[in-house]
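*Asks:* With the sequence up front, the predicted model follows.
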Amino acid sequence: MRDEKELDNLLEESLQAVENGQAAQNVAAGLPEDAVELASLVRLAAAVRGTAHPVLSAEAQGTAKKRISALAGQKTSQNGARPAFRWAWIFGTAGVSTVFLCFFVVLLVGGGLWWYGPLMAHSATVADVSGTVEIASAGNADWHSADVGELVQTGQRIRTGADGSVTLAFFEGSRATLGAATEMNLTAISGGWGDVLRVALSQQSGSARYNVVPLRSDGQFLVDTPSGSASVHGTVFSVTVDAQGQALFSVDRGKVEVANGSGHVAVTAGQATHSGPEQAPQPPAFRFASSDTLTTVNGSTWNVSGIPFSITGETSIAGKPEVGQAIFVKGRILKTGQWVADVISTESRAKAEFQLTGAVQAIEAGSWNIDGTNVFTDEATVIGEDINIGDPVVVVYTRDGNRRLALEIAKLDDVDDGPQTLCTGADPQPKAQSLAEKYGVPYDEIMGWFCQGFGFGEIDLAYGLSLETGVPVTDVFALRQQGLGWGEIKHRLSVTPTPTVTVTPDGTSTPTPDLSATPTLSGSETVTPTPTLLTGTPSGTQTTDCTGANPQPKAQSLADQYGVPYDEIMGWFCQGFGFGEIDMAYSLSIESGKTVSEIFDMKRSGLGWGEIKKLLDDEQEKDKGKGKHHKP
């Protein structure tokens with residue numbers, strides 16, 4: 001550990017390097033690991049250096065010179081003459097401005113360096129605002145709309161509407177993302193040098209996801225609810241509070257201590273616990289999540305697409321789910337093997353998405369046992385490296401008849417959740433450096449993908465698939481951005497040409513489909529669009545078993561949902577469209593009155609789904625103004 005003098009010398013050297021023209025970011029990145037706290041000082045000094053300095057007018061310079069000369073004369077007469085001392089060398093043509101410039105820089109840098117860390121630590125920055133998001137001061141009923149970049153400080157409250165979401169970014173990289181209909185108080189925010197964060201939040205309602213950068217020994221991150229508090233030192237977890245004040249604590253990475261007046265438990269990655277206002281936190285259990293159609297209700301036993309689960313008096317149910325309606329279920333798998341629902345809400349449409357966590361109990365050819373639940377695998381299942389018996393894993397699966405067919409199996413320790421170190425955290429980031437060396441690409445390229453929200457596990461998968469298939473890594477990420485799972489992506493890359501889409505790590509490019517392009521491996525690709533528009537419905541003579549499973553469960557589900565032939569769904573899939581895209585196209589067709597083929601034409605022309613939806617919405621608004629009505 002460096003002493004104070006060594007740190008001072010290192011800071012002086014770093015500031016001199018900035019003065020000599022080196023980029024502050026590079027200088028900060030080159031600091032030793034035991035001196036990273038100096039990085040913020042270097043960046044601040046560079047900012048001050050680039051600030052326009054005040055220059056006194058000639059008249060002001062003359063006035064200042066006379067005043068100081070007069071004062072100097074008075075001082076000399078009082079204390080005796082000092083003929084050897086001269087003020088003239090200070091007050092030349094630019095002398096006064098130099099003095100004031102030095103004073104300005106010293107004041108700004110000195111004061112700034114002292115207060116920079118603490119000031120930034122006393123607030124959270126509003127980011128990623130969507131829908132209705134409002135902020136109010138403590139005890140103040142006057143809410144105002146939140147703006148991106150606004151600072152939220154101790155004592156203030158923030159809430160989201162039924163359509164809202166927002167992220168609060170803390171100065172050292174931790175984040176809190178509030179979902180719809182969520183309200184939270186910022187009880188306390190403070191910190192100190194060395195990225196030390198101390199924060200206490202009070203979540204009264206709704207759902208929030210917390211991504212906490214590993215804290216220093218004197219750091220703290222506490223989330224309080226009506227049913228207990230969660231205390232962490234670096235983890236990714238979620239908290240859901242219902243209208244009765246019951247709370248569900250779910251952990252994706254790391255460990256969370258959950259406690260209230262009746263007891264406490266330690267919840268680790270892949271587990272969840274439930275507690276009520278007058279109830280001790282329940283023993284941690286692995287969890288499940290399902291989003292699909294509610295198929296049967298038999299007393300306290302409900303069923304989603306062949307998966308039964310139990311309803312208890314503590315289950316939080318939003319709305320009035322009915323058989324045949326799409327619902328989202330989140331719950332725990334108890335030691336007895338019982339699946340208990342904690343949260344149920346209605347969905348706009350079925351997504352056919354399933355997930356569970358648990359410890360690996362058996363690994364056999366084509367079959368895994370995850371904490372008592374059997375899941376099946378095939379050649380398209382993406383399986384993480386170094387998974388052994390006893391390891392906790394997360395499984396993303398689909399339904400194949402009465403079987404759970406795994407699309408992905410990942411070790412929980414390897415599950416990444418987007419930028420948690422932020423791009424300003426550890427530099428170089430060890431995982432990013434390792435991947436850059438593994439695939440022989442620039443470190444900045446890896447961090448570019450990471451800062452777009454891809455986890456390091458996903459980046460590893462994308463580059464691995466790129467090497468296996470010869471498809472550019474940009475195209476692999478483009479498929480992921482379209483909403484496809486890694487299992488689906490692997491299927492598609494192995495059986496069909498992939499649309500070449502320009503996506504670069506800086507996230508500024510736009511899709512340009514070209515099915516005729518020959519794939520080449522590169523970190524960034526730019527192609528000339530050659531759209532081939534579809535007409536009518538997909539050809540009935542083309543291959544419709546390009547996923548390996550026949551019938552394909554997702555395709556069958558979509559065919560049943562929209563009342564169209566199974567081969568029609570598979571026809572679109574085998575032309576390169578993902579099941580999520582097919583679902584979107586049919587849904588937009590129903591909403592807009594456009595044919596599905598017309599919507600796919602728009603997609604093939606290079607438009608994104610957001611652009612397509614906006615165009616269709618605008619067209620509907622224009623038609624309404626003209627008195628036209630689309631067919632239902």
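*Replies:* Cool, got the structure. This structure is a prediction, so every number in the text was calculated from the model and none was measured.
*Asks:* from here on, contacts and neighbour counts on C-alpha atoms
*Replies:* Fine.
*Asks:* List the contacts of Arg157.
*Replies:* 135-138, 183-186 (C-alpha atoms under 8 Å, 6 or more residues apart in numbering).
*Asks:* Residues in a beta bridge with it, which ones?
*Replies:* In this structure, Arg157 has beta-bridge partners Ala136, Asn185, where bridges are defined by DSSP bridges.
*Asks:* Arg175 now?
*Replies:* Partner residues in beta bridges with Arg175, using DSSP bridges, are Ala169, Asn211.
*Asks:* of all the contacts of Arg157, which comes closest to Val126?
*Replies:* Within the set of the contacts of Arg157, Ile135 lies nearest Val126; the separation is 10.2 Å, counting by C-alpha to C-alpha.
*Asks:* any idea how far Glu183 is from the closest one?
*Replies:* Applying C-alpha to C-alpha, to the nearest Å, one obtains 10 Å for the distance of Ile135 from Glu183.
*Asks:* export the contacts of Arg157 to TSV and tack on neighbour count?
*Replies:* As requested, the contacts of Arg157 are arranged in TSV below (neighbours: other C-alpha atoms under 10 Å):
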residue	neighbour count
Ile135	23
Ala136	19
Ser137	18
Ala138	14
Glu183	23
Met184	22
Asn185	23
Leu186	22
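*Asks:* Looking at these, which is nearest Asp242?
*Replies:* When the contacts of Arg157 are ranked by distance to Asp242 (C-alpha to C-alpha), Glu183 comes first, at 11.3 Å.
*Asks:* List the contacts of that closest one.
*Replies:* With contact set as C-alpha under 8 Å, 6+ apart, Glu183 has these partners: 157-160, 203-206.
*Asks:* What residue, apart from its backbone neighbours, is nearest it spatially?
*Replies:* Nearest residue to Glu183 in three dimensions, chain neighbours excluded: Arg159, at 4.2 Å (C-alpha to C-alpha, 6 or more residues apart in numbering).
*Asks:* How about Arg287?
*Replies:* Using C-alpha to C-alpha, 6+ apart and skipping residues adjacent in sequence, the residue nearest Arg287 is Arg332, 4.1 Å away.
*Asks:* So the one you found sits against Gln355, correct?
*Replies:* No - with contact defined as C-alpha atoms under 8 Å, Arg332 does not reach Gln355; the gap is 11.4 Å.
*Asks:* Tell me the residues that contact both of these two, please.
*Replies:* Here Arg332 and Gln355 have Phe288 as joint contacts, going by C-alpha under 8 Å, 6+ apart.
*Asks:* Is the residue nearest to Arg287 in a helix, a strand, or coil?
*Replies:* When states are read from DSSP: H, G, I helix; E, B strand; the rest coil, the local structure at Arg332 comes out as strand.
*Asks:* What separation is there between Ser202 and Val213?
*Replies:* Shown here: Ser202 relative to Val213, a distance of 19 Å by C-alpha to C-alpha.
*Asks:* picking that back up, could you check which of Arg332 and Gln355 is surrounded by more residues?
*Replies:* The residue with more neighbours, out of Arg332 and Gln355, is Arg332; 25 against 19, by other C-alpha atoms under 10 Å.
*Asks:* Show me what the more buried one bridges to in the sheet.
*Replies:* The residues paired with Arg332 through beta bridges, assigned by DSSP bridges, are Arg287, Val340.
*Asks:* How much space separates it from Val251?
*Replies:* When distance is defined by C-alpha to C-alpha, Arg332 is 12 Å away from Val251.
*Asks:* Mind listing the shared neighbours of those two?
*Replies:* Common neighbours of Arg332 and Val251, using C-alpha under 8 Å, 6+ apart, are 271-272.
*Asks:* Which residues are in contact with Thr167?
*Replies:* Applying C-alpha under 8 Å, 6+ apart to Thr167 gives the contacts 126-129, 175-178.
*Asks:* ugh, typo on my part, it should be Lys613
*Replies:* Leu588.
*Asks:* Can you verify it is assigned to a helix?
*Replies:* Yes - following the definition three-state DSSP, Lys613 is counted among the residues of a helix.
*Asks:* Tell me how far it lies from Lys594.
*Replies:* Relative to Lys594, Lys613 is positioned 11 Å away (C-alpha to C-alpha).
*Asks:* Now the common contact residues for those two.
*Replies:* By the contact definition C-alpha under 8 Å, 6+ apart, Lys613 and Lys594 are jointly contacted by Leu588.
*Asks:* where does the stretch 201-350 of the chain dip in pLDDT?
*Replies:* The stretch 201-350 of the chain contains residues with pLDDT under 70 at 216-217, 348-350.
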